[in-house]
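> Predicted model follows, preceded by the sequence.
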Amino acid sequence: GPSGTWTTVLDPMDRGGPYALTAEQGLENVTLRDIYFGDVWLCSGQSNMAMTVLQVANASQELAAAAHYPYVRIFAAAPARSNVELEDLEQIDLPWSIPTAENLGHGNFTYFSAVCWLLGRSLYEALGSPIGLVEVAWGGTPIEAWSSRRVLQACGLPEDTGRREGPQISLCCGACFNLKAALCFVPLLNLALSSSTSPHQHLSGPQTPSVLWNAMIHPLLNMTLRGVAWYQGEANTFLNTDQYNCTFPALIADWRWAFHTGSARQTEPLLPFGFVQLSTYRRQSADDSFARLRWHQTADLGVVPNARMPSTFMAVAMDLGDEHSPYGSIHPRDKQNVAHRLLLGAMAVAYGDKGLVFQGPYPTRAVLEVTRGLLNVTYSQELICRQRDAQAFEVCCSSQGSPCQWLLAPVVAVGSRTVTLALSGCRTLVLGLRYAWAEWPCEYQACPLYNSQGLPAPPFL
């Protein structure tokens, strides 16, 4: 190629293995063994993606089960930053490897990502063919650091946005194988690898725009991916929160273009992209930045996929709070439910299981009964009411010329698909309705509304 790197795209191969791949030139040859073909998923984000299997609920049980999944292979890049786009990773924490208790639970916030592992393991169980998992995560990092300059320009952000003088934000302290492309991954390949000396223990990663795109994503663009799992956003509750409705869809579109182009068009143009909607942090907080960020994660449409975010899926996590997590309440230990909700979306969106329910119930219309002071909200699915929380719903009341005032609208009745709210506190115009608009909206798995599959209704505005 133009860079002087020899590349080739293999003919399609059947899923499975093991295979051996030999490259020859004259009298010289190199053979790679123990190659498997299947789907590669990229897992990226900040510290909730970096949390290892060692740190989650039932960790010892999860680690002990690693030996049952030799056809799931894992790879972890070391945290690195660069001011220019790199062609190769500077360091690798874990080369392509068979999962073991040691490399799934190497330490705290190192490798291997629990969300990534649990998702990949479940994909293997569902599909019955090999899965490759690539972890590229760094705690405390904003979306701007993972974005190319194209994304920043598209959203009108200066290229130095996010730079910090003095201490950085420290919120989080408190491949390449695919059936179509037939590119392969090989365990224990030791070409140009070095052990990482990056300070994993520092959960406040770089804030500078594009430095993680340059060093950790750009080197991977020749991989053929089947999908992406993304768990990020906490850092952006303090930085450019209200630009996230632009930066996130723009990052998704840009990564899709870049991986499609970089993989010789083997990665599909609408690369399936799953993400975790923010969980919880502080139980008592007047700040609504978490609620706003959750809304912006859906491009202000509340549910995905949507017109601005096609071929995406979301795991709602606001009901998985963990106040007593030893890693801080911002790091809930229940990653099993997170991964299960991602799995449902992946099977529906990436693998085309049309009959699979992967979203929670979402409102489709609201009818105001003025004389009775009631608001009837109709949902997309059958409802299971786990909690009649008087603070879950709020209405925006406004008299002519006055600003909107959000008042509680207690639930008075729940039908099979409807919720009836009392508007006794609102004696003027009702201009809006919101649900679960709080940093910590409910207790563990006890938000008010779910569907029969146990998926929570997402927040909305």
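Alright, I've got the coordinates.

> residue ranges for the helices of the protein, please.
Listed in chain order, the helices of the chain (DSSP state H) span residues 47-50, 59-64, 101-104, 114-127, 149-154, 211-212, 244-262, 289-296, 336-345.

> With mean pLDDT, mean neighbour count and distance to Pro310 added, can I get those in JSON lines?
Placement of C-beta: from N, CA and C, glycine included. Below are the helices of the chain laid out as JSON lines (pLDDT from 0 to 100; neighbours: other C-beta atoms under 10 Å; distance: least, C-beta to C-beta, whole Å):
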{"stretch": "helix 47-50", "mean pLDDT": "98", "mean neighbour count": "28", "distance to Pro310": "23"}
{"stretch": "helix 59-64", "mean pLDDT": "97", "mean neighbour count": "15", "distance to Pro310": "33"}
{"stretch": "helix 101-104", "mean pLDDT": "96", "mean neighbour count": "18", "distance to Pro310": "33"}
{"stretch": "helix 114-127", "mean pLDDT": "98", "mean neighbour count": "23", "distance to Pro310": "21"}
{"stretch": "helix 149-154", "mean pLDDT": "97", "mean neighbour count": "18", "distance to Pro310": "17"}
{"stretch": "helix 211-212", "mean pLDDT": "98", "mean neighbour count": "25", "distance to Pro310": "25"}
{"stretch": "helix 244-262", "mean pLDDT": "98", "mean neighbour count": "21", "distance to Pro310": "9"}
{"stretch": "helix 289-296", "mean pLDDT": "98", "mean neighbour count": "22", "distance to Pro310": "17"}
{"stretch": "helix 336-345", "mean pLDDT": "99", "mean neighbour count": "23", "distance to Pro310": "13"}
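
> The ones you listed: which one's closest to Arg73?
Shortest separation from Arg73 across these is recorded for helix 114-127, at 9.0 Å, computed as C-beta to C-beta.

> For the closest one, which outside residues touch it?
If you take C-beta atoms under 8 Å, 6 or more residues apart in numbering as the criterion, helix 114-127 is touched by 38-39, 41, 43, 48-49, 51-53, 55-56, 62, 69, 71-72, 74, 99, 104, 130-133, 135, 229, 231, 276, 335-336, 338-340, 342-343, 346-347, 351.

> Also stretch 261-275?
Everything outside stretch 261-275 that qualifies as a contact, by C-beta under 8 Å, 6+ apart, is 7, 9, 178, 180-181, 183, 221-232, 252, 255-257, 259-260, 297, 309-315, 342, 345-346, 349-350.

> Kindly report the same for stretch 276-287.
Here stretch 276-287 has contacts from 45, 48, 115, 229-231, 233-234, 237, 290, 293-294, 297-298, 314-318, 320-323, 329-330, 332, 338, 342, 438-441, 458, using C-beta under 8 Å, 6+ apart.

> What residues sit buried inside it?
By neighbour count with 16 or more other C-beta atoms under 10 Å, stretch 276-287 contains the buried residues Val276, Gln277, Leu278, Ser279, Thr280, Tyr281.

> try stretch 75-85
Under 16+ other C-beta under 10 Å, the buried positions of stretch 75-85 are Phe75, Ala76, Ala77, Ala78, Pro79, Ala80, Arg81, Ser82.

> Report pLDDT for the fifth one.
Here the pLDDT value assigned to Pro79 is 97.

> Just give me the closest of the buried residues of stretch 75-85 to Gln25.
Of the buried residues of stretch 75-85, the one sitting nearest to Gln25 (C-beta to C-beta) turns out to be Phe75, at 26.8 Å.

> quick one: contacts for that closest one?
Neighbours of Phe75 in contact, by C-beta under 8 Å, 6+ apart: Ile92, Leu94, Pro95, Trp96, Ser97, Gly132, Leu133, Val134, Glu135, Ala175, Phe185.

> Who does the first one form a beta bridge with?
Legend: beta-bridge partners of Ile92 under DSSP bridges are Ala77.

> What sits closest to Asn58 if chain neighbours are left out?
Gln336 (7.5 Å; C-beta to C-beta, 6 or more residues apart in numbering).

> where's the one you found relative to Leu356, distance?
19 Å (C-beta to C-beta, to the nearest Å).

> quick revisit: and the contacts of stretch 276-287, which are buried?
For the contacts of stretch 276-287, buried by 16+ other C-beta under 10 Å: 45, 48, 115, 229-231, 233-234, 237, 290, 293-294, 297-298, 314-318, 320-322, 329-330, 332, 338, 342, 438-441, 458.

> Of those, which belong to strands?
Among the buried ones among the contacts of stretch 276-287, the residues falling in strands (DSSP state E) are Gly45, Ala229, Trp230, Tyr231, Met314, Ala315.

> Specify the beta-bridge partners of Pro456.
Note on Pro456: beta-bridge partners Tyr450, judged by DSSP bridges.

> Hmm, Pro441 and it touching each other?
No. Using C-beta atoms under 8 Å, Pro456 makes no contact with Pro441, being 9.6 Å away.

> Quickly list what's touching both of the two.
In contact with both Pro456 and Pro441: Met318, Asp319, Cys447, using C-beta under 8 Å, 6+ apart.

> can you put the residues you listed in JSON lines and add pLDDT and distance to Pro410?
Below are the shared contacts of Pro456 and Pro441 laid out as JSON lines (pLDDT from 0 to 100; distance: C-beta to C-beta, whole Å):
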{"residue": "Met318", "pLDDT": "98", "distance to Pro410": "20"}
{"residue": "Asp319", "pLDDT": "98", "distance to Pro410": "20"}
{"residue": "Cys447", "pLDDT": "97", "distance to Pro410": "16"}
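
> Distance to Gln243 added to the residues you listed, as CSV?
What follows is the shared contacts of Pro456 and Pro441, written out as CSV (distance: C-beta to C-beta, whole Å):
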residue, distance to Gln243
Met318, 22
Asp319, 27
Cys447, 28
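
> Sort out which one of those residues lies nearest Glu369 for me.
Checking these against Glu369 by C-beta to C-beta gives Cys447 as the nearest, at 25.4 Å.

> Quick check: closest non-adjacent residue to that closest one.
The spatially closest residue to Cys447, leaving aside those adjacent along the chain, is Asp319, at 4.4 Å (C-beta to C-beta, 6+ apart).
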